[in-house]
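Chemist: this one's structure only:
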């Protein structure tokens with residue numbers, strides 16, 4: 001399906017692996033010009049890769065300037081960077097909180113703010129990749145849940161501004177997606193229970209109440225949809241894509 005994205009330009013953070021890398025691959029396949037940024041750069045064929053540390057306050061503006069210089073425009077920003085630290089609330093110090101908010105929430109704030117004039121000129125959009133953990137509280141995911149909840153609220157606030165500026169802002173909440181982090185959790189179950197990978201994955205999926213884990217490409221497909229004209233009436237949407245994990249309204 002041609003989503004009408006050919007020739008448009010995107011900037012994707014967290015582009016070196018997992019969901020971010022899959023998003024870059026999908027947008028390149030859709031015919032977009034893509035700048036993928038991460039601390040280690042991005043080596044997706046067809047995209048431009050740039051090593052950027054978004055914890056550095058100057059990093060986001062530099063990345064946006066690079067994209068606008070190379071592409072002459074910017075139609076889409078996807079904030080997919082930032083793994084948050086998991087662990088019991090009492091075991092995590094201020095540094096863990098600071099690092100998680102800096103790498104995910106404040107990175108999204110700064111990247112979006114730097115890109116806003118170009119997005120306004122192109123009547124483009126922003127997609128935040130948050131996480132369903134922002135809706136489902138747990139003691140061992142206090143940091144991640146708080147960061148993701150903040151991103152959801154930021155989505156609504158920026159969408160309000162976007163109505164007058166012509167910039168669409170939406171948010172995706174992935175559930176358990178088969179990334180390096182999830183693969184590590186599966187490996188732990190394999191070791192603890194003496195199971196093979198498929199059986200361990202099934203046990204872990206069942207423990208969260210889903211039939212299977214999601215794939216990064218499924219998140220990337222939703223990003224492509226949100227970037228297209230088909231989703232032009234979606235503004236401030238927060239979309240769970242979690243296999244039914246979140247059963248709350």
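Modeler: Right, received. Where do you want to start? Here the structure is a predicted model, which is why all the values come from computation and not from measurement.
Chemist: This structure: helices as residue ranges?
Modeler: Assigned by DSSP state H, the chain shows helices spanning 18-29, 59-71, 94-100, 107-122, 142-165, 180-193, 197-207, 216-227.
Chemist: Distance check, residue 80 against residue 30.
Modeler: 16 Å (C-beta to C-beta, to the nearest Å). Every residue, glycine included, has its C-beta placed from N, CA and C.
Chemist: For the nearest residue to residue 52 once chain neighbours are set aside, list the residues it contacts.
Modeler: Nearest residue to residue 52, sequence neighbours excluded (C-beta to C-beta, 6 or more residues apart in numbering): residue 37, at 4.3 Å. Residue 37 sits next to 11, 12, 13, 15, 49, 50, 51, 52, 54, 63, 81 when contact means C-beta atoms under 8 Å, 6 or more residues apart in numbering.
Chemist: related to what we said a few turns ago, among the helices of the chain, which is the most enclosed?
Modeler: Of those, the one with the most neighbours on average (mean count of other C-beta atoms under 10 Å) is helix 18-29, at a mean of 24.
Chemist: Next, the angle from that helix to helix 216-227.
Modeler: Here the directions of helix 18-29 and helix 216-227 differ by 50 degrees (axes from the mean of the first three to the mean of the last three C-alpha atoms, to 10 degrees).
Chemist: How many residues are close by residue 13?
Modeler: Using other C-beta atoms under 10 Å, residue 13 is surrounded by 29 other residues.
Chemist: residues in contact with the closest residue to it other than its chain neighbours?
Modeler: Excluding its sequence neighbours, the residue lying closest to residue 13 (C-beta to C-beta, 6+ apart) is residue 81, at 3.8 Å. Contact analysis of residue 81 by C-beta under 8 Å, 6+ apart lists 13, 14, 20, 37, 38, 54, 103, 104, 107, 108.
Chemist: where does residue 81 sit relative to residue 112, distance-wise?
Modeler: With C-beta to C-beta as the criterion, residue 81 and residue 112 are 12 Å apart.
Chemist: which residues are in contact with stretch 151-161?
Modeler: 79, 104-105, 108-109, 112, 126, 128, 130, 134-135, 167-171, 173, 235-236, 238.
Chemist: chain center to that stretch: distance?
Modeler: 15 Å (C-alpha atoms, centre = their mean, to the nearest Å).
Chemist: got TSV for the contacts of residue 37, with pLDDT and distance to residue 194 too?
Modeler: Converted to TSV, these look like this (pLDDT from 0 to 100; distance: C-beta to C-beta, whole Å):
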residue	pLDDT	distance to residue 194
11	98	45
12	98	39
13	98	39
15	98	37
49	98	41
50	97	44
51	98	41
52	97	42
54	95	40
63	98	46
81	94	36
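Chemist: domains of this protein?
Modeler: 9-177+216-234, 178-213 (automatic domain parsing).
Chemist: Looking at these, spot the one closest to residue 244.
Modeler: With C-beta to C-beta as the criterion, residue 244 lies closest to domain 178-213 of the domains of the chain, at 5.8 Å.
Chemist: Return the mean pLDDT over the closest one, rounded to an integer.
Modeler: Domain 178-213 carries an average pLDDT of 87.
Chemist: how many other residues sit next to residue 44?
Modeler: For residue 44, using other C-beta under 10 Å, the count is 21.
Chemist: I figured it hits residue 15, correct?
Modeler: Yes: under the criterion of C-beta atoms under 8 Å, residue 44 lies in contact with residue 15, with a separation of 7.0 Å.
Chemist: what sits in contact with each of those two?
Modeler: With C-beta under 8 Å, 6+ apart as the test, residue 44 and residue 15 both reach 21, 24, 36.
Chemist: what bridges to the last one?
Modeler: With DSSP bridges applied, the residues forming beta bridges to residue 36 are residue 12, residue 49.
Chemist: check contacts around it.
Modeler: Per C-beta under 8 Å, 6+ apart, neighbours of residue 36: 12, 15, 16, 20, 21, 24, 42, 44, 47, 48, 49, 50.
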